[in-house]
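Participant: below is the sequence, then the predicted model.
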Amino acid sequence: MKKIVFSSLVILFVFMLMASVARAQANRPKENIAQSNMAFLRWFNAGKIDSIATLYHTNACIAGVGCGTESIKEYYRTESMRYKMQDLVTTEISVNGNLATETGSWKIILPSGMLMTGKYTSEWKREGNSWLIVQESAQPD
C-alpha cells in the first residue's frame, strides 16, 4: 500500500513539474520563438513540411501566398525544392500580452550557389502553452 501511495505521489509530482515547465515555456515568448526558428531551419532543409506547419496557427496567413494550413504546406513544399535556408536571425521581438511581433533577416542558398538575403516580419499568438505564427511576410533585400 505504501508503494502505491509513494508511486502515485511521484507520478503526481512529475506531472505537475511538466505542466509547470510548459507554462514557463509559454511565458517566455522570445525563447519559444528562437526555438521555433531553429526547428524551422532544420525542418525546411530536411523537407519536413508537416513539421513546419505545426509552427503556424490553422488560420495563419503568409503575405502573397494565402491563408490556412494547406496553403502554407503547399508553399513550403514548393520552396523547399528551390533552395536551402542558411540562416534566420531575429532582429527584434516585441511582446504585448498574448501577441508578439518578430522582425528579422533570412539567408538562402540557391542551387547555383548564389546567396540571397532578405527581411521578414512574423506575428505570433500564444495559444495555450504554444506560440504560433498567425501572419508572416518576407521580402528580399
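Facilitator: It's in.

Participant: ok, for the most centrally placed residue in the chain, nearest residue in space, not its chain neighbours?
Facilitator: Centrality entry for the chain: nearest residue to the mean C-alpha point is Ser36, 3.4 Å, by Cα atoms, centre = their mean. Spatially, and ignoring its direct neighbours in sequence, Ser36 is nearest to Leu55 (5.2 Å; Cβ to Cβ, 6 or more residues apart in numbering). Yep, even glycine has a C-beta here, placed from its N, CA and C like the rest.

Participant: so the one you found touches Ala39, yeah?
Facilitator: Yes. In this structure, Leu55 is within contact of Ala39 by Cβ atoms under 8 Å, at 7.1 Å.

Participant: the more surrounded of these two?
Facilitator: For Leu55 and Ala39, the more surrounded residue by other Cβ atoms under 10 Å is Leu55, and the numbers stand at 21 against 15.

Participant: and Thr121, what element?
Facilitator: strand 115-127 (DSSP states H and E).

Participant: now do that strand, average pLDDT.
Facilitator: In this model, strand 115-127 carries a mean pLDDT of 98.

Participant: hey, C-alpha coordinates of that strand in PDB?
Facilitator: Provided in PDB are the C-alpha atoms of strand 115-127 (Å, rounded to 0.1, in the frame of the first residue of the first chain):
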ATOM      1  CA  LEU A 115      23.300  33.600 -51.800                       C
ATOM      2  CA  MET A 116      20.100  35.700 -51.400                       C
ATOM      3  CA  THR A 117      19.100  37.700 -48.300                       C
ATOM      4  CA  GLY A 118      16.000  39.500 -47.100                       C
ATOM      5  CA  LYS A 119      13.900  40.500 -44.200                       C
ATOM      6  CA  TYR A 120      10.800  39.100 -42.600                       C
ATOM      7  CA  THR A 121       8.100  40.000 -40.100                       C
ATOM      8  CA  SER A 122       6.100  37.400 -38.200                       C
ATOM      9  CA  GLU A 123       3.200  37.900 -35.900                       C
ATOM     10  CA  TRP A 124       2.900  35.300 -33.200                       C
ATOM     11  CA  LYS A 125       0.000  34.500 -30.900                       C
ATOM     12  CA  ARG A 126       0.100  32.500 -27.700                       C
ATOM     13  CA  GLU A 127      -2.400  29.500 -27.800                       C
END
